[in-house]
Structure formats: C-alpha cells, structure tokens
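Peer 1: Build the 3D model from these lines:
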Amino acid sequence: MRRALAFGLVFAQFVLLAALVFVPHGTVWPVNGLIVAATVVLGATGVLLAGLGLVGLGPALTASPIPRENAPFVTGGVYGLVRNPIYTGLIAGGAGLVLLGASVWHIVAWVLLVLLLSSKTRWEERMLLAEHPEFAEYARRVGRFLPGIGRLRKR
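Peer 2: As a prediction, the model looks like this:
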C-alpha cells in the first residue's frame, strides 16, 4: 500500500510538471522581456537547486518519498540550507513556467504541484524521523523549502 501511494504521488508530480510545460499559453498577462528574464532566473535556480539536491543525496537518492533503508542521513551542502532542495527547485522552475504560460491553467497546475509536494514532504519527513531520530533537531534548524521557513517546532 505504501509503495502504491508513493508511486501515485510521484506519477501525479510528473503529470503536473508536464501540464506546466504542455498546457497552451494564455493571455492573463503579457509575456514581455521582464517575464522571460524572470522565467530564466526561476528556471535556472530551480535546475540548480534540484541538481544540487540530487547529487547531494548520493546513495540516499530515490524517486520515491519512502527513504532507502540504511541510507545515510544527509544534512550537508544544499541540505544545510533547506530540507527539500529538489522540491524547492521544482517549485521555482514551475513558477517560471507559470509566468511564461500566462494562463489560469498554469496557475492551477502550479498550485496543485505545491500542494502535492507539501503533502509528500510531510509524509516523507515522518518516515525520515522514524528512520533517523536526529531528523527532529535538523528540522528545527533548517527550513522545509526556504531557509528558515517551515522549521519544525519543539514539542
């Protein structure tokens, strides 16, 4: 059941990312040079963050939100700034695609992506906490998607 849910979440994530790429452009706002520049910055930032996150995980990397068994707990590199740099990269890149797409459907797909990644993160972090007790302290220091924002509170 857990694996099926994990697969479903990953599949939905890719569907929403594909929607951001392939949904027809709209006319909600004009796409000018400033919008294109912002898209390039957000896209490059997203690719950089996601890339650093992928490389930084090393043997702990998995497409599934279910952590690999006996994988190392990574807190260095970009993971010292945010707990989920891959998801932050997807959100940033998706925001760039929304700007370029200029349609209500792009906005809807991006909001759904953010909600999906937020839910997926909460589930993944519960599993990380069960696997790595030191995760609690790490999550109190490091923000979820942005530095300092979304840190866990002490209970």
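
Peer 1: Which stretches in this structure count as helices?
Peer 2: With DSSP state H applied, the chain shows helices at 2-22, 33-57, 85-101, 104-131, 135-141, listed in chain order.

Peer 1: Need the winner for burial among those helices.
Peer 2: Most buried of the helices of the chain by mean neighbour count (mean count of other CB atoms under 10 Å) is helix 85-101; its value is a mean of 23. C-beta: built from backbone N, CA, C; applies to glycine.

Peer 1: Run the angle between that helix and helix 33-57 for me.
Peer 2: Using axes from the mean of the first three to the mean of the last three CA atoms, to 10 degrees, the inter-axis angle of helix 85-101 relative to helix 33-57 is 160 degrees.

Peer 1: list the helices and strands helix 85-101 packs on?
Peer 2: Where contact means 3 or more CB pairs under 8 Å, 6 or more residues apart in numbering; DSSP states H and E, helix 85-101 is packed against helix 2-22, helix 33-57, helix 104-131.

Peer 1: pLDDT weak spots in the protein?
Peer 2: Along the chain, the parts satisfying pLDDT under 70 run over 155.

Peer 1: any idea how far V10 is from A18?
Peer 2: 13 Å (CB to CB, to the nearest Å).

Peer 1: Next, count neighbours for M1.
Peer 2: Other residues within reach of M1 by the criterion other CB atoms under 10 Å amount to 5.

Peer 1: Kindly report the same for P133.
Peer 2: The number of residues near P133, taken as other CB under 10 Å, comes to 10.

Peer 1: Now do the contacts for it.
Peer 2: Going by CB atoms under 8 Å, 6 or more residues apart in numbering, P133 touches no other residue.

Peer 1: which phi and psi does it have?
Peer 2: phi -60, psi -30 (degrees, to the nearest 10).

Peer 1: Tell me which residues touch the residue positioned nearest the centre of the chain, please.
Peer 2: Centroid-nearest residue in the chain: Y87, 1.1 Å away (criterion: CA atoms, centre = their mean). Residues counted as contacts of Y87 (CB under 8 Å, 6+ apart) are L117, K120, T121, F145.

Peer 1: Distance to A139 added to the helices and strands packed on helix 85-101, as JSON lines?
Peer 2: Shown next, in JSON lines, are those (distance: least, CB to CB, whole Å):
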{"stretch": "helix 2-22", "distance to A139": "20"}
{"stretch": "helix 33-57", "distance to A139": "16"}
{"stretch": "helix 104-131", "distance to A139": "7"}
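
Peer 1: Just tell me which of those helices ends up closest to S64.
Peer 2: Closest approach to S64 among those (CB to CB): helix 2-22, 4.4 Å.
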